[in-house]
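Student: predicted structure and sequence below. I'll ask about it afterward.
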Amino acid sequence: VGEKMNEAKELLEEGKYYFPNSFKYLILGGGVAAGYAAREFVKQGVKAGEVGIISEESVAPYERPALSKGYLLPKNAARLPQFHVCVGSGGERLDRSWYEKNGIELILNTKIVKAALESKTLTSEDGTNFKFGTLIIAIGSKGLKLRDFGVKGDEAKNVLCLRDIKDADQIVEAMKAKKNGKAVVVGGGYNGLEVGAALRLNNLSVTMVYPDPWCLPRLFTKEIAEFYERYYTSKGIRIIKETSVINLESDSNKEVKKVKLKNGRELEADIVIVGIGARPATGLFQGQLELNKGGIKTDGLFKTSMNDVYAIGDIACFPMKMYNEMRRVEHVDHARKSAMKAVEGIMGKGKGKVVEEYDYLPYFYSRVFDLSWQFYGDNVGETTVMFGDRNPAAKKPKFGCYWIKDGKVMGIFLEGGSAEENKAIKELAWVQPKVGDVKELKDKGVSFAFEL
Ligand code: FAD
Ligand code: NAD
Ligand code: ISD
C-alpha cells in the first residue's frame, strides 16, 4: 500500500490522475461491455493507473451468456474463471491478474448510488466518492420483477431470476435442493427458453407460462416459434400460453408452493424462475443525460448528451446506421463491439485520429438442448419465407426464415446451420439482396446466401 501511495503522490504532483479514487477513464459497471472496454484501453496504450472499473459484482467481467447455458448444465458445468471475457469471442481470458498486470483498478463489490455528472463524481453505497475525467456508463439492464406487474408473493424463497452469477448460483442450489421437483418458468423470452431447457436437462418437471400467443415474439414468427414449442413439448416441458401469473403462494417456511394463473389454473411449484424482460438501468442519470427509447441517447461513437460521458452495451440507444434509426440492443455482440468502438473513439480523440462511426448489423443467437440458431439483420417486412425441415423429431432439424421488405432481404434466421452457412447469412443480411421470386427463395433455402 505504501508503495502505491508513493506512486499516487508522484502522479498527483505530475498533475495526473491517481489511485485510489480518481481516474482519467472510469468505467461504471463490470459486465461484458466493461471487460471489452478494458481490453481496448490496453490495446490503445493507456498508462497504468489511468483506468478504473467499478462493479457491484464480486468477480471480474465475464461472458454473461454462459449463465443461462453452460453454468446450469447437470454435467461439466462452466465455472469461473473459465468464462471471463473475452473468451466468448475467441479472445484472451482476462482474469483478475490481467487487470493487475495492466494497471487497471478493479473496484468490486461496489454499488454506485449517486452520479453527479457535472462535478464528475460517483458515490458508492458506503459514501466513497470516485472522480473521473471521462466516464463510460456500462451498467446494462435490470430484470423486471413480478411485483412490477402487481403480482403478490414474489419475495418467497425459490422465486428466482437470472441476471448475474449470484442468481445463477441460487438456481444451481435450488435445483440441488429440489431434485426432480417442479419448476415453473414465467416468461417465454430469451431467458425463459434457455433456463426452461436447462431445468429440464437437470431432470426437473418444467412448466412454462407466458402471456403471448407464442414464444419469443420479439424475434420469432409464429412458424419459427411453433417448432421450438413442439420441440420443448417433446422434451417433456409443459407450455401454458396466453395467460399470466396473478399470485404466488408460499408455505409457513416462506418457500413458494403454488402459482396462480389469470385463467384460473393453479400450478404446484418448488422453484419459480422469472424471466419477464429487462430495462436499462438509467435511474442514476435521470435529468442529467438525454434518454431515448428507455436508454441513454448516444452518438455514433457512444458519446452521450454530456461531454466526457459515454454509454455502451444494453444501456445505450445509438444511431443504427444500417436502418437509419435510433436503437437499443440487449445482446452480447453489441455489448462487445460498442465497448471497443467507444474506447477507440475516446483514445482516437486524444491522438487527433478520425474514427469511423459505429455501423452495426444486429446479431442474436441462442443454444438450447441440441439446438442452435443464429439471426442477422432486422426482423421486419411484409413477407416472411420459411424454408427447410421443421420437424422437431428430425435427427438434426435444419430450417430458416427470410424477412423481406420492399423486395429486399432484411433479416435471416437459421436453426442448425454450419459455420459456413452462418457466415453466409451474415453476409446476406449486410448486402440485403433483392428477391425476384419468393417461391424460388423458399426452394433454395440457405443456398441462396451462397449466390451473392
Ligand atoms: P451487463 O453485462 O449486464 O453488465 C452490467 C454490469 O454493471 C454488471 O456487472 C452489474 O453488476 C453492474 N452494475 C449495475 N448497476 C451498477 C451500479 N449501480 N453500481 C455498480 N455496478 C453496477 N446475449 C446474447 O447475445 N446471447 C446470449 O446467449 C445471451 N445470454 C444471456 C444470458 C443471460 C442470463 C443474460 C442476463 C443475458 C444474456 N445475453 C445474451 C445478453 C447479454 O449478456 C447482455 O446484452 C450484455 O451482458 C450487456 O452487457 P453490458 O455490459 O451492457 O451489461
Ligand atoms: P425478453 O425480453 O427476452 O422476454 C420477456 C418475456 O417476458 C416476453 O417474451 C413475455 O413472454 C414475458 N412477459 C412479459 N411480461 C410478462 C408478465 N407480466 N408476466 C409474464 N410474462 C411476461 O427478456 P428475458 O427473457 O427476461 O431476458 C432478459 C434479458 O436478457 C434480455 O435483455 C435478453 O435479451 C437477455 N438475454 C438474451 C439471451 C440471448 O440473446 N440468447 C439469453 C438470455 C437473456
Ligand atoms: O434486441 C433485440 C432482440 O432480441 C430482438 O429480437 O431487438 C430485436 C427486436 O426486438 C427488434 O428487432
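Tutor: Good, I have the coordinates. Ligands and ions are numbered 1, 2, ... in the order given.
Student: run through the residues that contact the closest residue to D212 other than its chain neighbours.
Tutor: Distances taken as CB to CB, 6 or more residues apart in numbering place G188 nearest to D212, at 6.0 Å, with adjacent residues excluded. Quick note: C-beta positions are derived from backbone N, CA and C, even for glycine. Applying CB atoms under 8 Å, 6 or more residues apart in numbering to G188 gives the contacts 208, 210, 212, 214-216, 239, 241.
Student: kindly report the residues of the protein close to ligand 2.
Tutor: Contact residues (CB under 6 Å from any ligand atom) of the chain with ligand 2: 68, 141, 149, 186-192, 194, 210-212, 218, 244-245, 275-278, 330-331, 364, 366.
Student: among those residues, which lie within strands?
Tutor: If you go by DSSP state E, the residues of the chain next to ligand 2 have 141, 186, 210, 245, 278, 364, 366 in strands.
Student: quickly note the distance from the fourth one to A198.
Tutor: What that stands for is V245. Separation of V245 from A198 (CB to CB, to the nearest Å): 20 Å.
Student: for the last one, same thing?
Tutor: In this view, S366 and A198 are 12 Å apart by CB to CB.
Student: so between these two, which is more surrounded?
Tutor: A count of neighbours by other CB atoms under 10 Å puts A198 above the other of S366 and A198, at 30 against 20.
Student: now the more buried one: closest residue in space that isn't a chain neighbour?
Tutor: L72 (3.7 Å).
Student: show me what contacts the one you found?
Tutor: L72 sits in contact with 168, 171-172, 175, 195, 198-199, 201-202, where contact means CB under 8 Å, 6+ apart.
Student: between those residues, identify the one with the most neighbours.
Tutor: Neighbour max across those (other CB under 10 Å) = A198, 30 neighbours.
Student: who's in contact with stretch 442-452?
Tutor: Stretch 442-452 is contacted from outside by 385-388, 400, 402, 412, 414, 417, 421, 424-425, 427-428, 431, 433, 441, using CB under 8 Å, 6+ apart.
Student: put the buried members of the residues you listed into a ChimeraX selection.
Tutor: Listed next is the ChimeraX selection for buried residues among those, using 16 or more other CB atoms under 10 Å:
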select :385,386,387,388,400,402,412,414,417,421,424,425,428,433,441
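Student: among the contacts of stretch 442-452, which are in helices?
Tutor: 421, 424-425, 427-428, 431, 441 (DSSP state H).
Student: let me know the closest of those residues to ligand 3.
Tutor: I425 (15.7 Å; CB to the nearest ligand atom).
Student: quick check: the residue of the chain nearest ligand 2.
Tutor: Closest contact between the chain and ligand 2, by CB to the nearest ligand atom, is at G189 (1.8 Å).
Student: quickly note the distance from that residue to ligand 3.
Tutor: 8 Å (CB to the nearest ligand atom, to the nearest Å).
Student: again, but for S89
Tutor: Where ligand 3 is concerned, S89 sits at a distance of 18 Å (CB to the nearest ligand atom).
Student: cool, P392 as well?
Tutor: Separation of P392 from ligand 3 (CB to the nearest ligand atom): 22 Å.
Student: I'd guessed that residue sits against S234; true?
Tutor: Yes - assessed by CB atoms under 8 Å, P392 is found in contact with S234 at 5.4 Å.
Student: the two - which one has more neighbours?
Tutor: P392 (17 against 11).
Student: contact partners for that one?
Tutor: Counting by CB under 8 Å, 6+ apart, P392 touches 227, 230-231, 234.
Student: burial measure for the nearest residue to E415 once chain neighbours are set aside, as a count.
Tutor: Take E415 and drop its neighbours on the chain: the residue closest to it by CB to CB, 6+ apart is W373, 4.4 Å away. W373 sits with 22 neighbouring residues when counted by other CB under 10 Å.
Student: in the helix or strand harbouring W373, what's buried?
Tutor: Here W373, judged by DSSP states H and E, is contained in strand 371-377. Neighbour-count burial for strand 371-377, counted by 16+ other CB under 10 Å, picks out 371, 373-377.
Student: need these in a markdown table with pLDDT, can you?
Tutor: Converted to a markdown table, the buried residues of strand 371-377 look like this (pLDDT from 0 to 100):
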| residue | pLDDT |
| --- | --- |
| L371 | 98 |
| W373 | 98 |
| Q374 | 99 |
| F375 | 99 |
| Y376 | 98 |
| G377 | 98 |
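Student: make TSV out of these and add distance to A156.
Tutor: What follows is these, written out as TSV (distance: CB to CB, whole Å):
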residue	distance to A156
L371	32
W373	34
Q374	37
F375	36
Y376	41
G377	42
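Student: which pair in these spans the largest distance?
Tutor: Using CB to CB, the pair of the buried residues of strand 371-377 lying farthest apart is L371 and G377, separated by 20.4 Å.
Student: which part of the stretch 51-200 of the chain gets nearest to ligand 1, residue-wise?
Tutor: Nearest residue of the stretch 51-200 of the chain to ligand 1, counting by CB to the nearest ligand atom: G140, 2.4 Å away.
Student: before we move on, what about the stretch 1-150 of the chain?
Tutor: When scored by CB to the nearest ligand atom, the stretch 1-150 of the chain has G31 as its residue closest to ligand 1, at 1.8 Å.
Student: and K351, what does it touch?
Tutor: Neighbouring residues of K351 by CB under 8 Å, 6+ apart: there are none.
Student: need phi/psi at it.
Tutor: In terms of degrees, to the nearest 10, the main-chain angles of K351 are phi -100, psi 10.
Student: could you check how far it is from I137?
Tutor: Going from K351 to I137 by CB to CB gives 23 Å.
Student: got it, and F41?
Tutor: Relative to I137, F41 is positioned 15 Å away (CB to CB).
Student: with V184 instead?
Tutor: 35 Å.
Student: go on, S372?
Tutor: In this view, S372 and I137 are 32 Å apart by CB to CB.
Student: for the closest residue to ligand 3 within the chain, which non-adjacent residue is closest in space?
Tutor: Closest approach of the chain to ligand 3 (CB to the nearest ligand atom) occurs at L219, with a separation of 3.4 Å. Once flanking residues are discounted, L219 sits nearest to N379: 5.6 Å by CB to CB, 6+ apart.
Student: residue contacts, the one you found?
Tutor: 219, 221, 403, 410-411, 413 are the contacts of N379 under CB under 8 Å, 6+ apart.
Student: quick check: residues of this structure near ligand 1?
Tutor: 29-34, 54-57, 64-65, 67-68, 111-112, 138-140, 162-164, 191, 281, 313-315, 330-333, 335, 364-366.
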